[in-house]
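# One predicted model, sequence on top.
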Amino acid sequence: MQILFLHQNFPGQYRHLAAAMARRKGVKVVGLGQNETPLLPGITQLRYKPPEPGKTTPHPYLLRTEGHIRHGQAAARAVLELRKKGLRPDLICAHPGWGEALFVKDVFPEAKMILYWEYFFRSAGGDIGFDPPGVPVSLDEAARTRVQNTIQLIQLEAADWGVSPTRWQWSRYPDWARDRISVIHEGIDTAIASPHGPAEFRLPDGRVLTKEDEVASFVARNLEPYRGFPQFMRALPAFQKLRPRAHVVVVGGDGVSYGRAPAQGGSWRDVMLRELDGQLDLSRIHFTGRVSYPNLLSLFRLTRAHLYLTYPFVLSWSMLDAMACGAAILGSSTAPVTEVIQDGINGRLTDFFNPAAIAEHLAAMLADPDAQAPLKAAARRHVETHYDLQAICLPRQMALLDAIATGQPAPEFDG
């Protein structure tokens, strides 16, 4: 069997799946992406040239769509060269978010294709119109959002099957598409993301935090509104008054993964530090930038409470990693967090838009660590039961690939 994985940042969500398929006897795996990433053993990894920008300015609604088409063209040219060199994939697995799967079936019409359906944009019930609350979505924004799905809809028609990581993300897709989408998370390696392991975290100033320290943590790929960074920062003045010895570790970059950059320029961290100037004890707030995965897990093992806030949007791996490490989670009462966290059972939930409540909940969790022990144990069990890589997610992913590649019905999974 030959399998082509296509992802702008390959391996991305396919890191475990592509490696597992490559370990199978008689299976050839090719990974194609745009950006340089670490090599995986047993996989032929190739890069395609980034597309040139357009020379004309399209309609504002089509700016992202045109970029996706250009990425689709660039990826198609790359796989066409692979076809000339003899590649004949039985199966194509691709992330459609950048348009790279647009024309792949035109190059390999005989191949089956499974796409990773991460998020379908709608003007209600999700990220659009969520923040600030109560402000109606304009017709212009609703129209732009509808057009934003153009490339996904084209790829939905071309795909043989799809995968979404959570039921809520799956529910965002049209009714007629959901019958061809399985809900399977990428999986958390609970042997690595575990309460057992190093529990020390070195701060930028050289100080090392341990379980003996009173620590709260906040993690996002980038510190931005989609992940509740402004609400988190606005909670800190009250939180620091309630817990005068607590250290807050903030992990994340200053770029923008989702949404927009600040209108006034700079980073969202700059914006919030200006807004809260004079209200924070910065000696107890530690901005680390991005950290390695082992260091992140060490932080999760020692933190007394981990705060995870998000718009109704895609679920971050970091929250599940923290749960797997036995961290006490304070999450926003937003989808898809509420699909995972049951308040008072395996974590706590709080109002995304209420910094005072966030501060009080976070302080209460730090004030009584013993009371968090049942939540922490339940969090770990929940990940083992629903998101474990080796026992649940990877076997389901591989079973799905086998079925679709051979023209069999997609298997049905419980839970």
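On my side now, so go ahead. Residues are numbered from 1 along each chain as shown.

# Check which helices and strands the longest helix belonging to the chain sits against.
Using DSSP state H, we find that the single longest helix of the chain is helix 63-84. Where contact means 3 or more CB pairs under 8 Å, 6 or more residues apart in numbering; DSSP states H and E, helix 63-84 is packed against strand 2-6, strand 28-33, helix 104-107, helix 139-148, helix 150-158. C-beta: built from backbone N, CA, C; applies to glycine.

# Tell me which of the ones you listed lies nearest to Phe313.
helix 139-148 (13.3 Å; CB to CB).

# Out of the helices and strands packed on helix 63-84, which is the most enclosed?
For the helices and strands packed on helix 63-84, the largest average neighbour count (mean count of other CB atoms under 10 Å) is found in strand 2-6, namely a mean of 25.

# quick one, the next helix or strand after that one and strand 2-6 angle?
Counting by DSSP states H and E, the next helix or strand C-terminal to strand 2-6 is helix 15-22. Comparing the axes of helix 15-22 and strand 2-6 via axes from the mean of the first three to the mean of the last three CA atoms, to 10 degrees yields an angle of 160 degrees.

# List the buried residues of helix 15-22.
15-22 (16 or more other CB atoms under 10 Å).

# what's the answer for stretch 261-275, then?
For stretch 261-275, by 16+ other CB under 10 Å, it's 267-269, 271-273.

# could you measure the residue lying farthest from the centre of the chain against Asp106, distance?
Largest separation from the mean C-alpha position in the chain: Lys84, at 35.1 Å (CA atoms, centre = their mean). The gap separating Lys84 from Asp106 is 15 Å, by CB to CB, to the nearest Å.

# give the contact list for Ala263.
With contact set as CB atoms under 8 Å, 6 or more residues apart in numbering, Ala263 has no partners.

# let's see 10 Å
Val271 (CB atoms under 10 Å, 6 or more residues apart in numbering).

# swap in His7?
Per CB under 10 Å, 6+ apart, neighbours of His7: 13-15, 18, 31-35, 37, 93-98, 100-101, 116.

# Mind giving me the PyMOL select for the residues you listed, buried ones only?
In PyMOL, a selection of the buried entries from the contacts of His7 looks like this (16+ other CB under 10 Å):
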select buried, resi 13+14+15+18+31+32+33+34+37+93+94+95+96+97+98+100+101+116
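
# secondary structure element for His306?
Per DSSP H and E: strand 305-308 holds His306.

# elements contacting that strand?
strand 215-222, helix 229-242, strand 247-253, helix 317-324, strand 329-332, strand 348-350, helix 355-367, helix 369-386 (3 or more CB pairs under 10 Å, 6 or more residues apart in numbering; DSSP states H and E).

# could I get the ones you listed as JSON lines with distance to Tyr61, mean neighbour count and mean pLDDT?
Listed next are those as JSON lines, based on distance: least, CB to CB, whole Å; neighbours: other CB atoms under 10 Å; pLDDT from 0 to 100:
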{"stretch": "strand 215-222", "distance to Tyr61": "25", "mean neighbour count": "23", "mean pLDDT": "98"}
{"stretch": "helix 229-242", "distance to Tyr61": "27", "mean neighbour count": "21", "mean pLDDT": "98"}
{"stretch": "strand 247-253", "distance to Tyr61": "29", "mean neighbour count": "21", "mean pLDDT": "98"}
{"stretch": "helix 317-324", "distance to Tyr61": "31", "mean neighbour count": "25", "mean pLDDT": "98"}
{"stretch": "strand 329-332", "distance to Tyr61": "30", "mean neighbour count": "25", "mean pLDDT": "98"}
{"stretch": "strand 348-350", "distance to Tyr61": "36", "mean neighbour count": "21", "mean pLDDT": "98"}
{"stretch": "helix 355-367", "distance to Tyr61": "35", "mean neighbour count": "20", "mean pLDDT": "98"}
{"stretch": "helix 369-386", "distance to Tyr61": "38", "mean neighbour count": "17", "mean pLDDT": "97"}
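
# Output the ones you listed in CSV; the columns should cover distance to Gly129.
Listed next are those as CSV, based on distance: least, CB to CB, whole Å:
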stretch, distance to Gly129
strand 215-222, 21
helix 229-242, 17
strand 247-253, 25
helix 317-324, 23
strand 329-332, 16
strand 348-350, 21
helix 355-367, 21
helix 369-386, 30
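
# Out of the ones you listed, which is closest to Leu139?
helix 229-242 (26.8 Å).

# Tell me how far Val409 lies from Ala399.
Quick fix: residue 409 is Pro, not Val. For Pro409, the distance to Ala399 - CB to CB - is 11 Å.

# So those two - more neighbours on which side?
Just comparing Pro409 and Ala399: by other CB atoms under 10 Å the higher neighbour count belongs to Ala399, 16 against 7.

# Give me the nearest residue to that one, chain neighbours excluded.
Pro411 (5.1 Å; CB to CB, 6 or more residues apart in numbering).

# show me the contacts for the one you found.
Pro411 touches 182, 396, 399-400, 402-404, counting by CB under 10 Å, 6+ apart.

# which one of these sits closest to Tyr311?
Closest to Tyr311, out of all of the contacts of Pro411 and judged by CB to CB, is Ser182, at 24.8 Å.

# So what's the residue count around that closest one?
Counted with other CB under 10 Å, Ser182 comes out at 22.

# what packs against the helix or strand harbouring it?
In this assignment (DSSP H and E), Ser182 forms part of strand 181-183. With contacts defined as 3+ CB pairs under 10 Å, 6+ apart, strand 181-183 has these neighbours: strand 112-116, strand 161-164, helix 167-171, helix 394-405.

# now what about that strand, what contacts it?
By CB under 10 Å, 6+ apart, the residues outside strand 181-183 that reach it are 114-117, 156, 159, 161-171, 173, 396-397, 399-400, 403-404, 410-413, 415.

# try 7 Å this time
117, 162-164, 166-167, 170, 173, 400, 410 (CB atoms under 7 Å, 6 or more residues apart in numbering).

# and the residue farthest from the centre of the chain, how far is that from Arg77?
In terms of CB to CB, Lys84 sits 11 Å off from Arg77.

# okay, the buried residues of stretch 261-275 in CSV with pLDDT and distance to Leu297 next?
Shown next, in CSV, are the buried residues of stretch 261-275 (pLDDT from 0 to 100; distance: CB to CB, whole Å):
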residue, pLDDT, distance to Leu297
Ser267, 97, 26
Trp268, 98, 25
Arg269, 98, 24
Val271, 97, 30
Met272, 98, 27
Leu273, 98, 28
